[in-house]
Structure formats: structure tokens, C-alpha cells
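Enquirer: for reference, the sequence and a predicted model appear below.
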Amino acid sequence: MKIRICASIPVRSIPEALREAEAALSRGASLIEFRLDYAGEPLDLEALASGVPGGIPKIATLRPDWEGGRYRGSEGSRLRILVEAAGKGFEYVDLEAKTRGAGEVSERIRRNGGMVIASFHDYTDTPREEELKAILRLETGIGDLYKVATTARSYRDNLRILALQGDIRDGKGICFAMGPYGVPSRILSPLLGAPFTYASPSKELKVAPGQVAVEDLIQIYRLLGVWSD
């Protein structure tokens, strides 16, 4: 089993983001998520995507403030940028499952050449099992991959989110909990079938609570005997 790690990089400028991407790849990351909502001005998406070596999948994420991100522009502009990203070299586009008209937007992204990661984020709690399954059902009607990120208020919450991960049989779900209590789920989700797990490019550059740095994750997987170089 080859574990894949996606480094989440906040884009403040294209040169800085590409330097961070290059460093993360050298440390062992195999995918790059660019958090476009950290940019203070419009970005040249094609220049950003083309700056990453060929064969490395890239995710475009423009997280709105209503889903815990930093983007505060209009919803129409946000969706236009996401659809445009699919035609500018991004293999994946993160689309929040609660987006109005998410199914139609998802089809526009696909027509433009991208695949969709339907995502859900809860920054306060890990919902009950029934609610998590309902979220997952919603996402499977939208995305090519499905992401459910909750917040662990105790180590016990890892059991609930990892049970959801374990129930997904098609290898398309990525389920984990955020926050310091949720670190075990970030580590274990790919061992239970997630196509990859998210990490910070370095210890100093984190975009979500509880993110583990790429190099630390690899060290943990080596200690577990599940990492292959």
C-alpha cells in the first residue's frame, strides 16, 4: 500500500506558494492543495498550476467564510474561479457540499476537465453517526471524491469518524477530525481506505487545526512500518 500525502499550501503569492510546494514535494508529499482563499488579489491560476512538476495532482480550494475559510467575495465570483481552475491545469477542485446548486457547479467543473472533491467541514464538533452518513450521501451525489472533516472534542470522536471512513468501500472517501484530539484520524484514515490524507507543508505553515507536517507524518508511518519510499 502506497500512502499519499497532500500538502495544503496557503497561497499569498504565486512565487511563495510554488516554493512551498517544491519543498513539500521534496519532503515526500505526492499531491498539492492550493488554498486560494489566502490570496489578497486575483491569481493567475494557469501560472500557479503550471509551476508544479508534471504528474503531481493539484487541488484548487477557495474556501468561503461560511465554511470556515477566508474568501469573502461574492458566491458567483467564487464559483466562476473554481470552474476556471479546472480548465487551467488543476486536476481537482474542492467544492463545499453545502454550495447552492452544487450538482450543477460540479458538472461545469467536470466539463472543464476537472474532478470534484465534495467537502464538508464542522469546526465545532463531530456529528452523530446518522448525520455523518447523511452528509456522505449528499457528497456522493456531487463529487468524484468525498471529504468529511469534523472537529474532535475528545479522542473518542476519532472512533466515530474512522468508522465512517471504514464503511466507505469505493476508496473515494477522506474522513478525519480536526483539532489536537483529531490527529489520530488524520494518521489512520489512509490506512482505512482514504486515497490520501492532508498535511501541512511544514511545522510552521498550517491552514487547519491539528494538521501534521508532511515530514512528521512520514516519520510516524515509518515507525508503524507502513511507509514505502
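Expert: Received the coordinates, thanks.
Enquirer: give the contact list for the spatially most central residue of the chain.
Expert: The chain has Y198 as the residue nearest its centroid, 6.0 Å off, counting by Cα atoms, centre = their mean. Applying Cβ atoms under 8 Å, 6 or more residues apart in numbering, we find Y198 in contact with 5-6, 8, 33, 174, 176, 186, 208, 211. Every residue, glycine included, has its C-beta placed from N, CA and C.
Enquirer: show me those that map onto strands.
Expert: Members of the contacts of Y198 lying in strands (criterion: DSSP state E): 5-6, 8, 33, 174, 176.
Enquirer: do you know the pLDDT at the spatially closest residue to R12 that is not a sequence neighbour?
Expert: Counting by Cβ to Cβ, 6 or more residues apart in numbering, Y38 is the residue found nearest to R12 once chain neighbours are left out, at 5.6 Å. On pLDDT, Y38 comes in at 97.
Enquirer: now name the helix or strand holding the closest residue to E129 other than its chain neighbours.
Expert: In this structure, E129 finds its nearest non-sequential neighbour in R160, 6.3 Å apart by Cβ to Cβ, 6+ apart. If you go by DSSP states H and E, R160 is part of helix 156-167.
Enquirer: which strands and helices lie in contact with that helix?
Expert: helix 129-140, strand 145-151, strand 173-178, helix 183-188 (3 or more Cβ pairs under 8 Å, 6 or more residues apart in numbering; DSSP states H and E).
Enquirer: redo that, cut-off 7 Å
Expert: helix 129-140, strand 173-178, helix 183-188 (3 or more Cβ pairs under 7 Å, 6 or more residues apart in numbering; DSSP states H and E).
Enquirer: how about the ones you listed in CSV, adding distance to G76 and mean neighbour count?
Expert: Below are these laid out as CSV (distance: least, Cβ to Cβ, whole Å; neighbours: other Cβ atoms under 10 Å):
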stretch, distance to G76, mean neighbour count
helix 129-140, 22, 16
strand 173-178, 28, 26
helix 183-188, 33, 22
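Enquirer: can I get the ones you listed in JSON lines with mean pLDDT and distance to E107?
Expert: Shown next, in JSON lines, are the helices and strands packed on helix 156-167 (pLDDT from 0 to 100; distance: least, Cβ to Cβ, whole Å):
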{"stretch": "helix 129-140", "mean pLDDT": "97", "distance to E107": "15"}
{"stretch": "strand 173-178", "mean pLDDT": "98", "distance to E107": "21"}
{"stretch": "helix 183-188", "mean pLDDT": "98", "distance to E107": "31"}
